[in-house]
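Asks: okay, sequence plus prediction incoming.
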Amino acid sequence: MILKANPKSMRPRSELRMAELRMSELRKNLVHALRRPALAVMLAGLLSLGCGFAAAPAAADFRLCNNTNSRIGVAIGYKDNEGWATEGWWNLPARNCDTLLRGSLAARFYYIYAVDYDHGGEWSGQAFMCTREKEFTIRGTGDCLARGFDRTGFFEVDTGEQQAWTVQLTEAGEGQRPVGSGQPPLTAPPAGSRAGPGSPSGAQ
């Protein structure tokens, strides 16, 4: 049996030549691009960098930095939709930071109490709230002793309604402020000192 080609399905020689020229041009462009690997690497790097910027959310937390040579324990007091609460303890090694509350700050005023485990000093204030020796989350700031808790003086931190804030704790007499903190350091008072009675701003 002899098969005859359909004339309509056959390309003229001129069309085949044009297709060959196009393929040749594509090969040249590909070879040219492969000879410039630095450009390809740079473009890939920029692409991944752009993806990283798009995926990484801006940090908006309440952080505390221990800029002393001692280990410290930290408790925080704050007001949220359910009322006043205190939480502790965060144990920070010397020269370390930790996030106490994650996410954009919901209030202007926060309250901190910290104790120096190694040298016995404390960072305290006139806003009395409830704490205990073990890990805790306590609701409410009143009747601490009657409820079986300690009554502890916290110092007030005014964030100025910023979305993020970092508290810097330093040793007594050190007077240093880490670069870029934008906030003055809080200096440890002598061991055993505690401020007089008071209540948190906005407490009822």
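Replies: That came in fine, so what should we check first?
Asks: in this structure, what helix or strand scores lowest on average pLDDT?
Replies: Lowest by mean pLDDT, DSSP states H and E among the helices and strands of the chain is helix 37-55, with a mean of 40.
Asks: for the residue nearest to Arg132 when sequence neighbours are not counted, what are its contacts?
Replies: In space, and not counting its chain neighbours, Arg132 is closest to Phe149: 5.2 Å by CB to CB, 6 or more residues apart in numbering. C-betas here are computed from N, CA, C, even on glycine. Contacts for Phe149 (CB atoms under 8 Å, 6 or more residues apart in numbering) come out as 130-132, 136, 138.
Asks: just the closest of these to Arg102, please.
Replies: Minimum separation from Arg102 among the contacts of Phe149 (CB to CB) is found for Phe136, which lies at 18.5 Å.
Asks: list the contacts of that closest one.
Replies: Phe136 makes contact with 75, 86-89, 149, according to CB under 8 Å, 6+ apart.
Asks: got it, and Phe154?
Replies: Contact analysis of Phe154 by CB under 8 Å, 6+ apart lists 75, 77, 86, 111-113, 124-125, 127-129, 200.
Asks: what pairs with it across the strands?
Replies: With DSSP bridges as the criterion, Phe154 is bridged to Ala127.
Asks: can you check the pLDDT for Ala164?
Replies: For Ala164, the pLDDT comes out at 91.
Asks: next one: the one 4 residues further on
Replies: The predicted structure scores Gln168 at 94 on the pLDDT scale.
Asks: as TSV, the contacts of Phe149 with distance to Gln162, secondary structure and pLDDT would be great.
Replies: Shown next, in TSV, are the contacts of Phe149 (distance: CB to CB, whole Å; DSSP: H, G, I helix; E, B strand; the rest coil; pLDDT from 0 to 100):
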residue	distance to Gln162	secondary structure	pLDDT
Cys130	27	strand	97
Thr131	26	strand	97
Arg132	30	coil	96
Phe136	27	strand	96
Ile138	26	strand	97
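Asks: just send those residues back as a markdown table, with distance to Asn69 too.
Replies: Compiled in a markdown table, the contacts of Phe149 are given as follows (distance: CB to CB, whole Å):
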| residue | distance to Asn69 |
| --- | --- |
| Cys130 | 30 |
| Thr131 | 24 |
| Arg132 | 27 |
| Phe136 | 27 |
| Ile138 | 30 |
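Asks: would you map the strands across this protein?
Replies: For the chain, the strands defined by DSSP state E occupy 62-66, 72-80, 83-92, 96-101, 109-116, 122-123, 127-131, 136-139, 150-158, 165-170, 186-187.
Asks: name the helices or strands packed onto the fifth one?
Replies: Secondary-structure packing of strand 109-116 (3 or more CB pairs under 8 Å, 6 or more residues apart in numbering; DSSP states H and E): strand 62-66, strand 72-80, strand 122-123, strand 127-131, strand 150-158, strand 165-170.
Asks: in its sheet, what does that strand sit against?
Replies: If you go by DSSP bridges, strand 109-116 pairs up with strand 72-80 (antiparallel), strand 122-123 (antiparallel), strand 150-158 (antiparallel).
Asks: that'll do, ta.
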